[in-house]
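Novice: any chance you can model this:
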Amino acid sequence: MDLEGFHGIKFNCPDGWYTSEKGRCESMTTCEGQDMLITKYESPNADLTQYLESGICKAHHSSNQMVLKFVNNAPFSIKLWWPNYNAEMKDYGSILSGHFSTYNIYTHHAWVLQNSVNGQYLGIFTSPADIPAFSFYTLTVLKNGRLTLHQDFCDRIINTSEVGQVNAEGMYKAKFCKSFTTSKPLELRFINNMSTTITAYWLDTNGVQSSSIKTTIKPGRTVTYKSMVGHAWIIRGNDGGIITLFGTPENYEESEYELKIA
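Specialist: I've put the predicted structure just below:
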């Protein structure tokens, strides 16, 4: 079986084998790529069809959930497929150019990305079974069709509009956001651009919402709070639902941070 290999290297592999990221022919017995991605974008003539038809890319039973965000920066729509427990490809819709979609998925599952225009498979995302619960990954399709995978941490603003309410609650319960002990003061400005009152709660070093360290911000108001670099916060609405999870990196160099809630 003459296949165009990964990273532009050409291999002559026997039937039932594929070219691996390690630069050698490997038996097609697993659907786990290097860095959780199986791609051939380095070789434009390569095709993952034969690899998928082997039936090794399929879902395995798992109770561990994670958050996966697909971002499409390519000039074409992306088709999403989920190989089920029998390796049957199930249609999960499309992501238009310039759009993103976030899914609550299970680990030890695979997801296939396909160019909706020419039908070329761009890559396969696979997640090991031992990923911590509600880990957050962003899989981006670049303008040239290449894929990048990034693990997100609680060192930025994560809104429910990005991950969804169910995922936000899951991330909180899984201690995705927690404070780190640092000695650098940080002045936080909470700006409430919403039409309802919100409350910001400090998350301690175990990721638990504090009942005493909190501040309430009325609609259209700004509240300044003296915090610390590396600390994490959770912002909830009147109904108790999560609006935002937020944390600053431990190496954040500024002394002020402005957090707008809209």
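
Novice: can you show me the CA trace of the helix or strand Thr140 falls within as CSV?
Specialist: Element membership of Thr140 [criterion: DSSP states H and E] is strand 136-141. The C-alpha trace of strand 136-141 is given here as CSV (Å, rounded to 0.1, in the frame of the first residue of the first chain):
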residue,chain,number,x,y,z
PHE,A,136,-11.0,22.0,28.0
TYR,A,137,-9.4,21.8,24.5
THR,A,138,-9.7,24.0,21.4
LEU,A,139,-9.2,22.4,18.0
THR,A,140,-8.7,25.1,15.3
VAL,A,141,-8.8,24.6,11.6
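
Novice: what strands flank it, and is each parallel or antiparallel?
Specialist: Strand 136-141 pairs in its sheet with strand 65-72 (parallel), strand 147-152 (antiparallel), by DSSP bridges.

Novice: which residues in the stretch 151-262 of the chain form helices?
Specialist: 160-163, 165-173 (DSSP state H, counting those that start in this stretch).

Novice: for Thr126, find the nearest of those.
Specialist: helix 165-173 (20.0 Å; CB to CB). To be clear about C-beta, it is placed using only N, CA and C from the backbone, and glycine gets the same treatment.

Novice: and the angle from that closest one to strand 65-72?
Specialist: 130 degrees (axes from the mean of the first three to the mean of the last three CA atoms, to 10 degrees).

Novice: name the residues that touch helix 165-173?
Specialist: For helix 165-173, contacts defined as CB atoms under 8 Å, 6 or more residues apart in numbering pick out 65, 67, 102, 104, 133-134, 136, 158, 160, 163, 177, 207, 209, 234, 241-242, 245.

Novice: that older thread, how about residues contacting the strand holding Thr140?
Specialist: By CB under 8 Å, 6+ apart, strand 136-141 touches 36-37, 66-74, 78, 111, 113, 122, 125, 127, 147-153, 158, 163, 171, 176.

Novice: same thing but at 6 Å, please
Specialist: By CB atoms under 6 Å, 6 or more residues apart in numbering, the surrounding residues in contact with strand 136-141 are 67-72, 74, 78, 125, 147-152.

Novice: just the buried residues of those.
Specialist: With neighbours counted by 16 or more other CB atoms under 10 Å, the contacts of strand 136-141 contain buried members at 67-72, 74, 78, 125, 147, 152.

Novice: and Cys177, how far is that from Leu96?
Specialist: 30 Å (CB to CB, to the nearest Å).

Novice: who's more crowded, those two?
Specialist: Cys177 (22 against 12; other CB atoms under 10 Å).

Novice: contacts only, for the more buried one.
Specialist: With CB under 6 Å, 6+ apart, Cys177 has these contacts: 154, 203, 232, 245, 247.

Novice: apart from its chain neighbours, what residue comes closest to it?
Specialist: Cys154 (3.7 Å; CB to CB, 6 or more residues apart in numbering).

Novice: wait, isn't the one you found in contact with Phe246?
Specialist: No: if you go by CB atoms under 6 Å, Cys154 and Phe246 don't touch, sitting 7.5 Å apart.

Novice: residues near Tyr225, how many?
Specialist: The burial count for Tyr225: 17, using other CB under 10 Å.

Novice: then the one 3 residues further on?
Specialist: Met228 sits with 16 neighbouring residues when counted by other CB under 10 Å.

Novice: residues in contact with it?
Specialist: So Met228 contacts 182, 186 (CB under 6 Å, 6+ apart).

Novice: and if we set it to 10 Å?
Specialist: 179-186, 188, 202, 248 (CB atoms under 10 Å, 6 or more residues apart in numbering).

Novice: please consider this matter closed, and thank you.
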